[in-house]
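Novice: Quick one: sequence plus predicted model below, questions after.
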Amino acid sequence: MIEHLIPILVGTLAAATPLIFAGLGELVAERTGVINLGVEGMMLIGAIAGFAAAADSGGGALAGLPAGAVAGMLAALVFAVLSLSMAANQAACGLALTIFGIGLSAFIGQHYVSFSLPGLQPLDIPGLVDIPVIGKIFFHQDPVTYLALVSFGVVWWVLKKTRLGLVLKAVGEAPDAAHAIGYPVIAIRYGATLFGGAMAGMGGAYLSTVYTPLWVQNMVAGRGWIAIALVVFATWNPTRLVLGAWLFGGVTILQFHAQGLGIALPVQFLAALPYLATVVVLVLISRDKRLLQLNLPASLGKPWMP
Amino acid sequence: MPLLEPRPAPSAPMRLLSPLIAIGLTLLVGSLLFMSLGKDPLEAFRVFFIQPLSSGNGWSELMVKAGPLILIAQGLAIGFRARIYNIGAEGQLIMGALAGGGVAVALDGVDAWWVLPLMVVAGAIGGALWGAVPALLKTRFNAEETLTTLMLAYVATFTLSYMVNGPWRDPEGMNFPQSIMFGDPALFAPWFEGMRVNASILIAAAASAAFWVFTSRSFLAYQLTVGGLAPAAARYAGFSAKGTVWVSLILSGLTAGIAGVGEVAGPVGQLNLNISPGYGFAAIIVAYLGRLNAIGIVLAGLLMALLYLGGEAAQVALQLPAAITGLFQGMLLFFLLGSDVFVDYRLRPRPKPVFA
């Protein structure tokens, strides 16, 4: 059993990486009151931009990830102009961004269908990798997976320990009050939304340049939506978000290990599991209305103009 | 200083103009895109919008594609009016197709007039049930329908894949993931030799008429809208917010399910993995572009169908990727949302300098 479990846990961390990036970005945006349902679209745009940059420059994933982040940020900018500067309905704008991202990435991706990239080698953390079991799972991963955990640390620290975090949360809880004491609400929301776009773009670029590493049309396959659900599941708390991402990473890769584990279920059922799990998790968390209301940023999704 | 200020009242002319502005802007950006790809924009628009309609078959194809788009969008609009965002119509379409197609597979060889109507009923029930699941999750457990409807769309895709790879796979289909080809009793008969248009568009037409009457004449539709816009007011007046959720999701699931049967019993003729080119998602745009109004949706559905046809034609004639249709759909929705802002807001006039 244990010899099956270690590869599953190793794979879980990598599978969780795009969810951690995208989820953290969305979490920060939502903390300032902006709900962006375009995560799936931004991830796809990041995925194709990252892949194109990696393939065309010959720089591989190192070129792909920054390109993905920039592309995701540009996509988020379109959303921000419409929903923040022009106060259009956030849910509809996010949906439009997703539909647009699916179309744009498929359009650009047509040229890259038969390419493949080298990916990234695992980077052993000296010393720690020799710890039995734990070392293999946590310290024998590709560098981007470490980066995802570092960004978790940064987001956690900023939200919990810094003045910036306080301002971000104030804008999400009470934009009128934040405005009254002189904080530029719209500019702060722009910042958080663009950060969300960059993170989603990175997550997408990780999928196309490190995880797969191929371009396949619509390859994000709902992970953007799962990331949004994870933010709710995490009740807007970064630590719970990472735990949730690991849970979903595990569910996602279960299908590749089912045979070894002796699970004799149809492959389609296992492939559908992450989506079913998302529904179950949403139901579990949402049924407690008080818990949700307590943590929900008070101005979430409401257009605000000075 | 913000550039926009709220209008005293929403502008009615702007509400009607907005889709036209969005279409215009999409065409404008589209021409820039064509030029950047080294294509003559005029030629591209001829291929996109004129050529598909220059033959009888082209008009037939327009109807074939507009039918499901309009049918689904009519159902979605009822929910959208009440702020119930069902974005998983694609899943409800697939479950409807599976239910209706299942009837066709089970009754293969039965030559009776009632096979096709039974398929339509089964499809309606299949789609409605798949829409009822998120309604239950919303009313009972408070789970967001945007996320659950979409997640269930993925689940529906895998269910379809399982059925055509497993229990319902055609034993003589050389292992392709597809069911048997349906027999004539399980198909909408084409109206004209060599063309695919068939009676299923009458369902879309009837639904459009019914929804027009429903939304403009019935008290229930009024209750639905109030229930979505102002749940507290609705409760005070004795309307049920939960009822709004149920009716919205079941109705939109039902129409999507029937559209699914229309595909498998029409142009596709069997169950396989390509029963819908994203109609369930495109119908969201159709509903908004049509101003959530039954007649507007018919016009918007025809336009969206033309966009699909144009994309196919551009692929053949201009060697452009078919994905360009998706790109145009996304742009159209963006521009629509952008111009819709001016229904409620207007540009703030530059303040006159004041000298003290």
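Specialist: Nice, thanks for sending it over. Residues are numbered from 1 along each chain as shown, chains lettered A, B, ... in the order given.
Novice: for the chain, what spans make up the strands?
Specialist: Going with chain A. A:123-124, A:140-141 (DSSP state E).
Novice: Hmm, no, I was thinking of chain B.
Specialist: Using DSSP E, strands in chain B cover B:4-6, B:345-347.
Novice: so what pLDDT did residue B:232 get?
Specialist: At residue B:232, the model reports a pLDDT of 67.
Novice: now residue B:63
Specialist: pLDDT, read off for residue B:63, is 95.
Novice: now do the one 4 residues further on
Specialist: Looking at residue B:67, its pLDDT reads 96.
Novice: ok so, going back, turn the strands of chain B into TSV, columns for distance to residue A:25 and mean neighbour count.
Specialist: (C-beta placed from N, C-alpha, C; glycine too.) Below are the strands of chain B laid out as TSV (distance: least, CB to CB, whole Å; neighbours: other CB atoms under 10 Å in any protein chain shown):
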stretch	distance to residue A:25	mean neighbour count
strand B:4-6	27	13
strand B:345-347	29	15
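Novice: mind putting those strands in JSON lines, mean pLDDT included?
Specialist: Conversion of the strands of chain B to JSON lines gives the following (pLDDT from 0 to 100):
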{"stretch": "strand B:4-6", "mean pLDDT": "82"}
{"stretch": "strand B:345-347", "mean pLDDT": "85"}
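Novice: Let me have the ones you listed in CSV, extended by distance to residue B:142.
Specialist: Shown next, in CSV, are these (distance: least, CB to CB, whole Å):
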stretch, distance to residue B:142
strand B:4-6, 32
strand B:345-347, 32
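Novice: Tabulate those (JSON lines), appending distance to chain A.
Specialist: As requested, the strands of chain B are exported to JSON lines (distance: least, CB to the nearest CB, whole Å):
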{"stretch": "strand B:4-6", "distance to chain A": "7"}
{"stretch": "strand B:345-347", "distance to chain A": "7"}
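Novice: coming back round to it: to residue A:100, which of the strands of chain A lies closest?
Specialist: strand A:140-141 (32.9 Å; CB to CB).
Novice: can you give me the mean pLDDT across stretch B:80-89?
Specialist: Mean predicted confidence for stretch B:80-89 is 90.
Novice: Could you tell me the end-to-end distance of that stretch?
Specialist: 12 Å (CA to CA, to the nearest Å).
Novice: That one near chain A at all?
Specialist: Yes - against chain A, stretch B:80-89 shows contacts by CB under 8 Å from any CB of the partner chain at B:85, B:87.
Novice: Any buried residues in that stretch, and which?
Specialist: B:80, B:81, B:82, B:83, B:84, B:85, B:86, B:87, B:88, B:89 (16 or more other CB atoms under 10 Å in any protein chain shown).
Novice: Can you verify my assumption that the fifth one contacts residue B:251?
Specialist: So the one you mean is residue B:84. No - assessed by CB atoms under 8 Å, residue B:84 is found out of contact with residue B:251, at 10.0 Å.
Novice: Output stretch B:146-160 in CSV with nothing but the alpha carbons.
Specialist: Presented in CSV, the C-alpha positions along stretch B:146-160 are these (Å, rounded to 0.1, in the frame of the first residue of the first chain):
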residue,chain,number,x,y,z
THR,B,146,-23.1,29.2,-10.9
LEU,B,147,-20.6,26.7,-9.7
THR,B,148,-22.8,23.7,-9.3
THR,B,149,-24.4,23.9,-12.7
LEU,B,150,-21.0,24.2,-14.4
MET,B,151,-19.5,21.3,-12.4
LEU,B,152,-22.4,19.1,-13.3
ALA,B,153,-21.8,20.0,-16.9
TYR,B,154,-18.4,18.3,-16.6
VAL,B,155,-20.0,15.3,-14.9
ALA,B,156,-22.5,15.1,-17.7
THR,B,157,-19.7,15.0,-20.3
PHE,B,158,-18.1,12.1,-18.5
THR,B,159,-21.4,10.3,-18.2
LEU,B,160,-21.9,10.6,-22.0
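Novice: quick one: average pLDDT of that stretch?
Specialist: Averaging pLDDT along stretch B:146-160 gives 95.
Novice: Then stretch A:96-112?
Specialist: Stretch A:96-112 comes out at a mean pLDDT of 92.
Novice: For chain B, tell me whether it is touching it.
Specialist: Yes - Stretch A:96-112 reaches chain B (CB under 8 Å from any CB) through A:96, A:97, A:99, A:100, A:101, A:102, A:103, A:104, A:106, A:107, A:109, A:110.
Novice: Tell me which of the residues you listed fall in helices.
Specialist: Among the residues of stretch A:96-112 next to chain B, DSSP state H puts A:96, A:97, A:99, A:100, A:101, A:102, A:103, A:104, A:106, A:107, A:109 in helices.
Novice: of those, closest to residue A:11?
Specialist: Distances from residue A:11 to those, taken by CB to CB, are shortest for residue A:109, at 25.2 Å.
Novice: Tell me how many other residues crowd residue B:185.
Specialist: The number of residues packed near residue B:185 is 18, by other CB atoms under 10 Å in any protein chain shown.
Novice: what residues are up against it?
Specialist: With contact set as CB atoms under 8 Å, 6 or more residues apart in numbering or on different chains, residue B:185 has these partners: B:107, B:110, B:111, B:112, B:113, B:115, B:116.
Novice: Got a ChimeraX select line for the buried ones in these?
Specialist: Entered in ChimeraX, the line below selects the buried ones among the contacts of residue B:185, by 16+ other CB under 10 Å:
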select /B:107,115,116
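Novice: Spell out the residue ranges of the helices in the stretch 1-150 of chain B.
Specialist: B:12-36, B:41-45, B:56-81, B:89-106, B:115-141, B:145-165 (DSSP state H, counting those that start in this stretch).
Novice: neighbours around residue A:157, how many?
Specialist: By other CB under 10 Å, neighbour count at residue A:157 equals 12.
Novice: swap in residue B:166?
Specialist: Quick note: residue B:166 (other CB under 10 Å) scores 11 neighbours.
Novice: what does the one 4 residues further on give?
Specialist: A count of neighbours around residue B:170, defined by other CB under 10 Å, yields 18.
Novice: For it, give me its contacts.
Specialist: Applying CB under 8 Å, 6+ apart, the residues near residue B:170 are B:176, B:178, B:179, B:180, B:181, B:270.
Novice: Tell me how far the residue lying closest to it once chain neighbours are set aside lies from residue B:189.
Specialist: Closest residue to residue B:170 apart from its sequence neighbours, by CB to CB, 6 or more residues apart in numbering or on different chains: residue B:180 at 4.6 Å. Distance of residue B:180 to residue B:189, computed by CB to CB, to the nearest Å: 18 Å.
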